[in-house]
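Enquirer: got a predicted structure here, sequence first:
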Protein chains: 2
Amino acid sequence: MDGRFERIDGYLQDNLERYLQDVVRLCAQPSVSSTGQGVRACADLVHQLLLEHGVEAEIYQTRGNPIVVGKARGKSDRTLLFYNHYDVQPPEPLELWDTPPFEPTITDEALFARGAKDDKGEFISRLAALDAVRSAYGELPCNVIFLVEGEEENGSPNIAQFVLEHKDLLMADGSIWEEGGVERGNRPSLLLGVRGVLFVEMTVEALKMDAHSGHAHVLPNAAWRMVHAISLLKDRNERILIPGFYDRVRTFTPAELEAFDAWPDIEPALRNTFGIDRFLRGKKGNDLRKAVFEPTCNIAGFGSGYQGPGTKTVIPAKAMAKIDFRLVPDQDPEDIHARLRSYLDQNGLEDIKIQVLGKMWPFTTPMDDPFVQLTAALAQEVYGKETLIGPITGGSSPIYAVGGPLDIPVVNPGIGYWDNRAHAPNEHIRIQDFLNGSRHIARILARF
Amino acid sequence: MDGRFERIDGYLQDNLERYLQDVVRLCAQPSVSSTGQGVRACADLVHQLLLEHGVEAEIYQTRGNPIVVGKARGKSDRTLLFYNHYDVQPPEPLELWDTPPFEPTITDEALFARGAKDDKGEFISRLAALDAVRSAYGELPCNVIFLVEGEEENGSPNIAQFVLEHKDLLMADGSIWEEGGVERGNRPSLLLGVRGVLFVEMTVEALKMDAHSGHAHVLPNAAWRMVHAISLLKDRNERILIPGFYDRVRTFTPAELEAFDAWPDIEPALRNTFGIDRFLRGKKGNDLRKAVFEPTCNIAGFGSGYQGPGTKTVIPAKAMAKIDFRLVPDQDPEDIHARLRSYLDQNGLEDIKIQVLGKMWPFTTPMDDPFVQLTAALAQEVYGKETLIGPITGGSSPIYAVGGPLDIPVVNPGIGYWDNRAHAPNEHIRIQDFLNGSRHIARILARF
């Protein structure tokens, strides 16, 4: 072991409280992208924090929320790019928080706040790693770029364009994403990709106004039209019925398909968390993880007509459904959107309007990429356990927007664990995870 | 023409403003049975109004909202029973009202308020008729019973039991229902029956709490289960798919099936009111009326997951749908409920819970009943046009609960016209209809 790793670890341990206070400072600043609350003030604070930690930084305006870019020069000509975001999910429902979401609270073991994990703590852990490496090595062994956006929780509508327009600014040899950490059993994990997503809102107006349901033998019903439309999308075996939907799904390698065999069984936790005893298509054990190689069609919400207590005998004039499709490589959300439109039209449902509310492309980094191997090996050193590697995860993030145009591998070491409650009340990080995550990132900086 | 009919008409014309003020007074008192708002105060007001118009009255408690019964003695031993209800539909959506729903507004031609037509104006028109007949004849020629319930908009769950338990109190020779009036062209119409209804709320809970839609490949989705359940109920040709659903539909007589041929074409009005150019199954002209001989399956509302602006990538834990089936003679809502339960079970949807929120049986009075003939002839006298007779109408009301146990014919002259907007924003009555309806009822009282 490199003696300097001991100095890194010592530095991080000695300065832990200082970095936790940075997390507190950043989390105390609300930055809810879906409402706009505090977003610009938070971009300024990110800029300020980068400067305080010796990183040149600049705020770039976009059509949406500002993007903050930081740069620190290192000894080699290799460049590592950190992706983070400073926006957070809405804190509601507030009544389920044990401590106020924007008043960070530190206990012996954890730090509670909206954004503690997703993604402000993560960002600070990387500043800590940078400081630790500079302290141990005198200078950075490689160049570092921070790319910190403010619309990730809103579907990152501007990041792809920004990267395309600033390829020279952002050119790097590898990228470290957000959202990583340890799995159950505290084993380090790396996820090498994400599914894409197409999020649409479908609406239909069948009548100029609601009618009495005594007319139901002749008047069209918007809710029925929506049910007909939705029911065409997927059969009861979870097979998506849009013609050509699966055409571009790439064949996964045997190594990818088998990778989840090494992971702990997620079934007991899912059963417990969601109070269920049966999963879709009767899947069990590690097949629950492996199902992530398949795309999905999810109803995130629908509404029509009278939803209050008791009865109201109306024919609803309007109906709405929010649908998200999770896409696997090499599906394309724009292609899926076109196929959806055409499928509804072919079925006489031209009156169903489709509005695209979000789209992201799938992206994966090959399991055998040297950057993956390096990150996995260093994780094993920090955590003392073999690193779990997952070829893809169920969610979506704009990795494609960075990894694609820059053509670089992307991995996601981090400070998370299996119960951070990101997007939920009582979001928190475990302090030990924060420390370990920082140690891991510092080692990657040293060896990249 | 009986000279006393002129005195009746004169009385009603001279006292019109007074009776309209009674409508205003009654409509200003909210009485939303689905929420309970103002219901008991409204029962008291109905009681008070009966007393003020010289009708002995009593409020009867039920397991639901009170029922008010009024009695006025007449010269003969024949008894006419008026059925009305004092409850109203919820006023929402409020923003579509031009005047506040519970602040009745009178213009030169109309009176606007929730309940103006359905059914408070109707009730007052009968009090007006009673007063007019007493004024013209010195006394009532027949006995009169008022049966005014407070749960009609909630499916009248207690009226059947009440009638069964109070047959002696309510024994009559004929009944005048609510909901009648003139058709397009201001031709008087009589509807001789109603469809039954089964109103159910279906709910399903697939998860203990909402989940991130990145898990959609394995976690069950309540909205999807509900869509699967609903889509099993009816095909796109409007054929209801519950096994045995049509078994008890009786054969209608040729006279019944042809009765609507005499009616004005409803198509242009439906097109205009609802802004549509196509009806279910491509029906046109008088076939739109004749389709009422068929039962329906209507989605009155559904809801699940996130319905706010923008995106939220969740798997909804719960979903809800409100469904009403309109039933024709001799379908039985309890039989249909049992068949629905069994059908869902057979399709693996045992987790969909069904709560019956309302049920009513279909009921028809024969077209050739003498009471029908009398009422039709007197209508022709008042309106100067031949009376249209419809064997059945699209809506439902608890006629079966009165007409069945008392074994009497039931007809529905009234104060309505084709665009009263009952159950919708801007509900109103035309003042001329109120006057004519009162004149017609007064004549029936005189000749019954």
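Expert: Thanks, I have it.
Enquirer: skipping its backbone neighbours, what lies nearest the residue nearest the centre of chain A in space?
Expert: Centrality entry for chain A: nearest residue to the mean C-alpha point is A:Ser397, 4.5 Å, by Cα atoms, centre = their mean. When the adjacent residues along the chain are set aside, A:Ser397 lies closest to A:Val194, with 5.2 Å between them (Cβ to Cβ, 6 or more residues apart in numbering or on different chains). For every residue, glycine as well, the C-beta is placed using N, CA and C.
Enquirer: is it true that that neighbour touches A:Gly390?
Expert: No - look at A:Val194 against A:Gly390 with Cβ atoms under 8 Å: they stay out of range, at 10.5 Å.
Enquirer: state the distance from A:Asp119 to A:Ala57.
Expert: 17 Å (Cβ to Cβ, to the nearest Å).
Enquirer: higher neighbour count, the two?
Expert: Between A:Asp119 and A:Ala57, A:Asp119 has the larger neighbour count (other Cβ atoms under 10 Å in any protein chain shown), namely 26 against 19.
Enquirer: does the more buried one touch A:Glu178 like I think?
Expert: Yes - the pair A:Asp119 / A:Glu178 is scored as a contact, 4.8 Å apart, by Cβ under 8 Å.
Enquirer: find the residues that touch each one of the two.
Expert: A:Asn84, A:His85 (Cβ atoms under 8 Å, 6 or more residues apart in numbering or on different chains).
Enquirer: before we move on, back to that, quick check: the residue nearest to the centre of chain A vs A:Lys322, distance?
Expert: In terms of Cβ to Cβ, A:Ser397 sits 19 Å off from A:Lys322.
Enquirer: over to A:Glu103?
Expert: Here the distance between A:Glu103 and A:Lys322 works out to 32 Å (Cβ to Cβ).
Enquirer: tell me the confidence at the residue nearest to A:Ser397?
Expert: Per-residue confidence (pLDDT) for A:Val194: 95.
Enquirer: residues in contact with A:Asp324?
Expert: So A:Asp324 contacts A:Val197, A:Leu198, A:Phe199, A:Val200, A:Thr296, A:Asn298, A:Ala300, A:Gly358, B:Ser213, B:Ala216, B:Thr311, B:Thr313 (Cβ under 8 Å, 6+ apart).
Enquirer: ok, of those, which come out buried?
Expert: A:Val197, A:Leu198, A:Phe199, A:Val200, A:Thr296, A:Asn298, A:Ala300, A:Gly358, B:Ser213, B:Ala216, B:Thr311, B:Thr313 (16 or more other Cβ atoms under 10 Å in any protein chain shown).
Enquirer: for A:Ile159, state which of those is nearest.
Expert: Of all the buried ones among the contacts of A:Asp324, A:Ile159 sits closest to A:Gly358, with 12.4 Å by Cβ to Cβ.
Enquirer: which stretches of the stretch 151-300 of chain A form strands?
Expert: A:174-176, A:181-183, A:187-191, A:193-194, A:196-205, A:211-212, A:296-305 (DSSP state E, counting those that start in this stretch).
Enquirer: deepest-packed of these, please.
Expert: Of all those, strand A:193-194 has the most neighbours on average by mean count of other Cβ atoms under 10 Å in any protein chain shown, namely a mean of 29.
Enquirer: secondary structure element for A:Arg7?
Expert: Per DSSP states H and E: A:Arg7 is located in helix A:3-14.
Enquirer: show me what that helix is packed up against.
Expert: helix A:122-137, helix A:431-447 (3 or more Cβ pairs under 8 Å, 6 or more residues apart in numbering or on different chains; DSSP states H and E).
Enquirer: residues contacting the residue of chain A positioned farthest from its centre?
Expert: Relative to the centre of chain A, and counting by Cα atoms, centre = their mean, the farthest-placed residue is A:Gly214 at 47.6 Å. Residues in contact with A:Gly214 (Cβ under 8 Å, 6+ apart) are A:Thr313, B:Arg195, B:Arg326, B:Thr393, B:Gly394, B:Gly395, B:Ser396.
Enquirer: tell me how far the third one lies from chain A.
Expert: Using Cβ to the nearest Cβ, to the nearest Å, we find B:Arg326 at a distance of 6 Å from chain A.
Enquirer: before we move on, the earlier item: check what pLDDT the residue farthest from the centre of chain A gets.
Expert: We note a pLDDT of 94 for A:Gly214 in this prediction.
Enquirer: ok, the one 5 residues further on next?
Expert: Note on A:Leu219: pLDDT of 98.
Enquirer: which parts of chain A belong to which domain?
Expert: As assigned by automatic domain parsing, chain A contains the domains A:3-194+A:363-447, A:196-249+A:295-360.
Enquirer: what's the end-to-end length of the longest one?
Expert: Yep, that's domain A:3-194+A:363-447 we're talking about. 13 Å (Cα to Cα, to the nearest Å).
Enquirer: and of the helices and strands packed on helix A:3-14, who's closest to B:Asp14?
Expert: Nearest of the helices and strands packed on helix A:3-14 (Cβ to Cβ): helix A:122-137, 82.8 Å.
Enquirer: run the chain-centre distance for the closest one.
Expert: 23 Å (Cα atoms, centre = their mean, to the nearest Å).
Enquirer: neighbouring strands of the helix or strand following that helix in the sheet, and parallel or not?
Expert: For helix A:122-137, the following helix or strand on the C-terminal side (DSSP H and E) is strand A:143-149. Within its sheet, and counting by DSSP bridges, strand A:143-149 is paired with strand A:67-72 (antiparallel), strand A:79-85 (parallel).
Enquirer: what's the angle between strand A:143-149 and helix A:431-447?
Expert: 140 degrees (axes from the mean of the first three to the mean of the last three Cα atoms, to 10 degrees).
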